[in-house]
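K.L.:
Here you go, sequence then predicted model.
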Amino acid sequence: MDYDIIIGFETHVELKTNTKLFCGCAVKDGAPPNTNICPVCTGQPGALPVLNKRAVEHTVRAGLAMNCTINRRSRFARKNYFYPDLPKGYQISQYERPFCENGYLEIQDDEGRPYAVGIKRIHLEEDAGKLVHSGSSFEESDYSLVDYNRSSVPLLEIVTDHERNPLRSVNEARAYLEKLRQTLIYIGISDCIIEKGQFRCDVNISIRPEGALDYGNRAEIKNMASFKFIMEALDYEVKRQLKILHSGEEPSLETRLFDEKKKITVSMRSKEDAPDYRYFPDPDLVEIDIDREFVEKIQSSMLELPDQKVNRIIKDYRVSKKDALILTKDRNVSDFFERCAAFCDDRGRLSGWIIKDLFKLLNEAAITIEKCPISPKTFSDLINMISRGDITDQIGRTVLEIMFQTGQDPESIIDKRGLKPIQDEELLGSVLNEVMRENPEAVNKIKEGMTNPIDFLIGQVMKKTQGKANPKKVREIIRNSLLP
Ligand code: ZN
Ligand code: MN
């Protein structure tokens with residue numbers, strides 16, 4: 001029997017705002033514990049929340065980017081539960097009438113075709129504080145401290161739809177997460193820095209016999225931050241649940257925990273459901289009317305989305321789709337490319353050198369392109385020199401490395417290091433003669449009309465000149481002297 005896999009995500013994303021969701025406290029990381037707090041975000045009796053308009057704008061922006069319906073009227077609800085990092089005893093979230101519903105996010109499916117993953121809802125809620133354990137883990141701690149700096153920082157929660165175009169494989173799950181993160185960064189509402197907990201997922205997965213109408217029981221794995229661990233956990237869950245189904249049993253509805261060392265999931269508790277939280281509308285916050293004008297204003301200031309950028313780069317610069325996809329993965333990379341393209345017409349070569357050679361240097365130095373010591377102008381100067389045949393690829397790579405280390409421009413590096421290509425025909429001719437004496441067979445083959453040995457001879461000349469010979473010139477000399 002074949003089975004259908006259904007994977008769902010509830011993704012929490014920290015929004016980029018100056019202040020918290022319901023008070024004026026600063027959102028700032030690295031601040032000493034409990035310094036950005038006030039009566040509202042620490043849940044003091046009688047303190048009243050006031051909604052942050054910027055957070056609502058960000059939410060609507062996300063909704064538009066993911067093709068959602070923006071609800072005319074929304075409201076906040078209290079989600080009741082107790083935990084020491086939640087001083088009010090409830091989280092202000094949304095239940096009925098979130099800001100955005102029924103959208104989609106397009107990804108490539110496993111066959112490379114576009115697939116519009118259903119987005120059920122996008123809502124706005126507040127984050128909880130943070131527990132700081134005295135030991136290396138909760139179990140090994142004598143006590144825990146609580147830091148409320150994060151309490152009430154605005155979070156966006158994006159929920160996929162398990163009924164309408166759900167994620168059907170671990171690969172699709174990965175494609176969705178990457179596209180979601182990329183989109184949110186592109187529209188400027190979150191930095192989505194995974195290491196800082198700005199992008200965290202609750203993942204659920206269920207498996208049912210192919211074509212069955214009932215959903216299988218799902219297992220949920222909470223609070224996953226690393227994409228790598230999410231994929232490992234999903235891979236494990238697929239195997240585990242299939243094994244249970246094959247034995248004629250049914251997996252249970254539960255919350256599981258991923259053991260990062262053993263790469264397995266373990267049962268934590270039976271899953272809580274909405275009724276357990278006793279959601280009810282928050283009486284401290286009025287309902288929010290979102291008029292058309294507000295939405296249109298956001299729509300008109302919408303930044304370019306990843307797919308739009310890919311298409312524009314292909315069209316404007318005639319770069320291959322494969323290259324365009326790589327260049328646009330990180331908006332800063334495509335910005336760098338576009339700034340270079342203003343100085344450089346050889347766009348194919350330009351994108352190739354960014355993707356292959358510049359990325360290699362950035363990776364080795366473990367820095368991102370914003371910190372790249374080479375400016376778009378000097379990078380383009382180098383590419384132009386290679387395009388014109390002034391220098392070879394090989395020398396270009398050496399020059400690029402020095403540019404990366406010193407920030408100098410290519411001309412002065414070439415001058416100072418004596419990397420100027422040898423153009424002098426007499427000198428090139430004498431090196432070539434030497435090479436021909438050493439390789440009489442190749443010379444004979446060329447005289448008989450074969451062309452491959454020409455490249456071989458050029459290669460030998462390059463070797464003898466440490467890559468400084470101008471290969472075009474060498475080719476010319478061979479043609480003139482050996483070919484009839
Ligand atoms: Zn506050
Ligand atoms: Mn939530």
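P.N.:
Ah, there it is. Ligands and ions are numbered 1, 2, ... in the order given.
K.L.:
what's the burial count for Thr255?
P.N.:
When counting by other C-beta atoms under 10 Å, one arrives at 17 neighbours for Thr255. C-beta here means a position set from N, CA and C on the backbone, and glycine is covered the same way.
K.L.:
wait, I meant Arg349
P.N.:
Every residue meeting other C-beta under 10 Å relative to Arg349 is counted, giving 16.
K.L.:
Report the contact partners of it.
P.N.:
383, 386-387 (C-beta atoms under 8 Å, 6 or more residues apart in numbering).
K.L.:
can I assume Leu145 sits in a strand?
P.N.:
Yes: the assignment for Leu145 (DSSP: H, G, I helix; E, B strand; the rest coil) places it in a strand.
K.L.:
Any idea how many residues pack against it?
P.N.:
Neighbours of Leu145 (other C-beta under 10 Å): 13.
K.L.:
Not counting residues beside it along the chain, what's closest to it?
P.N.:
Val132 (4.6 Å; C-beta to C-beta, 6 or more residues apart in numbering).
K.L.:
and that neighbour, backbone torsions?
P.N.:
Taking degrees, to the nearest 10, you get phi -110, psi 110 for the backbone angles of Val132.
K.L.:
How about Lys377?
P.N.:
Residue torsions, per degrees, to the nearest 10, at Lys377 are phi -60, psi -50.
K.L.:
That one and ligand 1: what is the separation?
P.N.:
46 Å (C-beta to the ion, to the nearest Å).
K.L.:
how close does that residue sit to Cys340?
P.N.:
8 Å (C-beta to C-beta, to the nearest Å).
K.L.:
ok so, going back, need the contacts of Arg349 in CSV (columns: pLDDT, distance to Arg73 and neighbour count).
P.N.:
Listed next are those as CSV, based on pLDDT from 0 to 100; distance: C-beta to C-beta, whole Å; neighbours: other C-beta atoms under 10 Å:
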residue, pLDDT, distance to Arg73, neighbour count
Ile383, 96, 54, 25
Ile386, 92, 60, 21
Ser387, 92, 58, 16
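K.L.:
what's stretch 18-38 in contact with?
P.N.:
By C-beta under 8 Å, 6+ apart, stretch 18-38 touches 17, 40-41, 47, 49-52, 54-55, 92, 124-126, 132, 145, 147-149, 151-154, 196.
K.L.:
Just to be sure, which of these are found in strands?
P.N.:
92, 124-126, 132, 145, 147, 154 (DSSP state E).
K.L.:
just the buried members of these?
P.N.:
92, 124-126, 147, 154 (16 or more other C-beta atoms under 10 Å).
K.L.:
And those residues, which two are furthest apart?
P.N.:
Between any two of these, the greatest separation by C-beta to C-beta is 22.5 Å, found for Leu124 and Asp147.
K.L.:
Could you name the helices and strands sitting against the longest helix along the chain?
P.N.:
Ranked by residue count, the top helix of the chain under DSSP state H comes out as helix 227-246. In this structure, helix 227-246 packs against strand 3-14, helix 170-186, strand 199-209, strand 219-224, strand 254-259, strand 264-270, with contacts taken as 3 or more C-beta pairs under 8 Å, 6 or more residues apart in numbering; DSSP states H and E.
K.L.:
rerun that using 6 Å as the cut-off
P.N.:
Packing contacts for helix 227-246, counted by 3 or more C-beta pairs under 6 Å, 6 or more residues apart in numbering; DSSP states H and E, involve helix 170-186, strand 199-209, strand 219-224, strand 264-270.
K.L.:
Strand partners (parallel or antiparallel) of the last one?
P.N.:
Going back to what we said before, that points to strand 264-270. If you go by DSSP bridges, strand 264-270 pairs up with strand 254-259 (antiparallel).
K.L.:
With just CA atoms, put the helix or strand harbouring Glu106 into CSV.
P.N.:
Using DSSP states H and E, Glu106 falls within strand 100-108. The C-alpha trace of strand 100-108 is given here as CSV (Å, rounded to 0.1, in the frame of the first residue of the first chain):
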residue,chain,number,x,y,z
CYS,A,100,-4.7,37.3,7.4
GLU,A,101,-6.3,34.0,6.1
ASN,A,102,-6.4,31.7,3.1
GLY,A,103,-3.2,32.5,1.2
TYR,A,104,-0.5,30.5,-0.5
LEU,A,105,3.2,30.6,-0.9
GLU,A,106,4.6,29.2,-4.2
ILE,A,107,7.5,26.7,-4.0
GLN,A,108,9.0,24.2,-6.5
